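Q: Here is my input, please return the structure:
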Amino acid sequence: MAFKPLDWYCQPVANGVWGTAVQNALGAYTPCGTNSLVICVSHLVMMGLCLYRIWIIQNNVKAQKFCLRSKFYNYLLALLAGYSAAEPLFRLIMGVSVLNLDGQAGLAPYEVISLIIEALAWLSVFVMTGIEIKVYVREFRWFVRFGIMYALVGDAVMLNLMLTLKEHYDRLVLTSLVLL
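A: I've put the predicted structure just below:
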């Protein structure tokens, strides 16, 4: 295949499902490349934007601070962010791989790193939403919304890639994939 660090990180199977069923230039490295480039980058951008907004709320004295009249919307957003943070943590702890179609044992290193980044990004959204329940500022809110949409588009790209191979998935894994 390729050189040893890339083989260790991606753990491709030479004549596996990803190498034969997917029609692109990455071949057996498709889940690794797509997950590393799409999911990790989009979630790192989202996490950076959320951490900067948390810093603005906590430390920027020039920002006008408001108190929300209705906190219901933020409680709903916190619930969704908490669920989105719990899902990669659950997959990481339980060792559930949605990209392993060849029967390998455990999670590949790229999946572990991706799940950790995804969980930390959604935890930063959860913390930011919790802080916004007490103090709300208008600065930088559209950038954070863009970052969340960017991460959701990245998740949609991965879902689209996985649904192209739905005949290779076990029925239970495919059901949990749609639910998660």
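
Q: alpha carbons only for contacts and neighbour counts from here, please
A: Will do.

Q: Show me which residues of stretch 145-162 are buried.
A: 147-148, 150-152, 154-155, 157-158, 161-162 (16 or more other Cα atoms under 10 Å).

Q: Where is the longest helix in the protein?
A: helix 109-134 (DSSP state H).

Q: E139 - nearest residue in space that isn't next to it in sequence?
A: Nearest-residue entry for E139: A63, 7.0 Å, with adjacent residues in sequence omitted and distances by Cα to Cα, 6 or more residues apart in numbering.

Q: Please, where are all the strands along this protein?
A: 65-66, 136-137 (DSSP state E).

Q: buried set for stretch 44-64?
A: Quick answer for stretch 44-64 (16+ other Cα under 10 Å): 44-47, 49-51, 53-54, 56-57.

Q: residues touching the residue nearest the centre of the chain, list them.
A: Centroid-nearest residue in the chain: E118, 3.8 Å away (criterion: Cα atoms, centre = their mean). Under the criterion of Cα atoms under 8 Å, 6 or more residues apart in numbering, the neighbours of E118 are 39-40, 43-44, 85, 88.

Q: Okay, and which of the residues you listed map to helices?
A: Among those, the members found in helices (DSSP H) are 43-44, 85, 88.

Q: Out of these, the closest to F126 would be?
A: Proximity of the ones in helices among the contacts of E118 to F126 was ranked by Cα to Cα; the top entry is A85 with 8.0 Å.

Q: how about JSON lines for the strands of the chain, with distance to V98 and mean pLDDT added?
A: As requested, the strands of the chain are exported to JSON lines (distance: least, Cα to Cα, whole Å; pLDDT from 0 to 100):
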{"stretch": "strand 65-66", "distance to V98": "42", "mean pLDDT": "78"}
{"stretch": "strand 136-137", "distance to V98": "37", "mean pLDDT": "86"}
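
Q: so which of these comes closest to V127?
A: Here strand 136-137 is closest among the strands of the chain (Cα to Cα), at 13.0 Å.

Q: Mind listing the strands that closest one pairs with, and their directions?
A: Next to strand 136-137 in the sheet, as set by DSSP bridges, lie strand 65-66 (antiparallel).

Q: still on that earlier bit, give me the subset of the buried residues of stretch 145-162 lying in helices.
A: 147-148, 150-152, 154-155, 157-158, 161-162.

Q: still on that earlier bit, I'd like the ones in helices among the contacts of E118 laid out as TSV, including distance to S114.
A: As requested, these are exported to TSV (distance: Cα to Cα, whole Å):
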residue	distance to S114
H43	9
L44	10
A85	12
P88	9
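
Q: Among those, which one lies nearest to P5?
A: Lowest distance from P5 to these (Cα to Cα) belongs to L44, with 22.5 Å.

Q: Nothing else from me, thank you.
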